[in-house]
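K.L.:
Give me coordinates for this.
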Amino acid sequence: MKKNLINAALLGLLVVAAPACTFVSCKDYDDDFNKVNNRLDGLEAAKTQINSEITSLKSDLQKANEKATQLEAKLAEYATKTELQNGLALKADKTELQNGLALKADKTELQNGLALKADKTELEAAVKESYC
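P.N.:
Next up, the predicted model:
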């Protein structure tokens, strides 16, 4: 009987302990899922913002390239240093030619003056002859 009593006690213990061992504790994973979902939402928002900034930067880069092209075209219209130096040399040559023409005009005037002087001498001689 002692044996039956021990067996019955073990059986009762087994019946009470078995369900306790078979139950798995249920952890609430909803908070973990919510945290992960919030992080994913934050990453998607950051991705959207980064994509919009990339688009904006591409637009700015395109505008800058267009402006650079316009400035290069405008720069091509300006004279180069060599062209300016050649222009200065031509201006110096023009000035020298103008000075030469002025000297030639002075020489011509002097020659005309000498011719007139000769005419004056002839005139004086003619006047002396007429009084004499």
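
K.L.:
Which pLDDT value does the model give Ser25?
P.N.:
We have a pLDDT of 59 for Ser25.

K.L.:
again with the one 4 residues further on
P.N.:
In the prediction, the pLDDT value recorded for Tyr29 is 80.

K.L.:
ditto for Lys94
P.N.:
The per-residue pLDDT reported for Lys94 equals 71.

K.L.:
quick one: it and Ala126, what's the gap?
P.N.:
Shown here: Lys94 relative to Ala126, a distance of 47 Å by Cβ to Cβ, to the nearest Å. Every C-beta, even on glycine, is put in place using the N, C-alpha and C of the backbone.

K.L.:
again, but for Leu10
P.N.:
177 Å.

K.L.:
show me where the protein has helices.
P.N.:
2-22, 30-77, 81-131 (DSSP state H).

K.L.:
Is it possible to get CSV of these that adds mean neighbour count?
P.N.:
Shown next, in CSV, are those (neighbours: other Cβ atoms under 10 Å):
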stretch, mean neighbour count
helix 2-22, 9
helix 30-77, 10
helix 81-131, 10
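
K.L.:
What distance do you get for Lys94 to Gly87?
P.N.:
Relative to Gly87, and taking Cβ to Cβ, Lys94 is found at 10 Å.

K.L.:
Next: Thr121.
P.N.:
Note on Thr121: its distance to Gly87, by Cβ to Cβ, is 51 Å.

K.L.:
now swap in Tyr78 and tell me
P.N.:
13 Å.

K.L.:
gap between stretch 89-104 and the chain center?
P.N.:
46 Å (Cα atoms, centre = their mean, to the nearest Å).

K.L.:
for stretch 41-55, that is, sorry about that
P.N.:
That offset, for stretch 41-55, works out to 26 Å (Cα atoms, centre = their mean).

K.L.:
Just the CA trace of it, in CSV.
P.N.:
Presented in CSV, the C-alpha positions along stretch 41-55 are these (Å, rounded to 0.1, in the frame of the first residue of the first chain):
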residue,chain,number,x,y,z
ASP,A,41,9.6,53.8,-41.6
GLY,A,42,12.4,56.1,-40.5
LEU,A,43,14.7,54.5,-43.0
GLU,A,44,12.2,54.9,-45.8
ALA,A,45,11.7,58.5,-44.9
ALA,A,46,15.4,59.1,-44.9
LYS,A,47,15.7,57.3,-48.3
THR,A,48,13.0,59.6,-49.7
GLN,A,49,14.7,62.7,-48.4
ILE,A,50,18.1,61.6,-49.7
ASN,A,51,16.6,60.9,-53.1
SER,A,52,15.0,64.3,-53.2
GLU,A,53,18.3,65.9,-52.3
ILE,A,54,20.1,64.0,-55.0
THR,A,55,17.5,65.1,-57.5
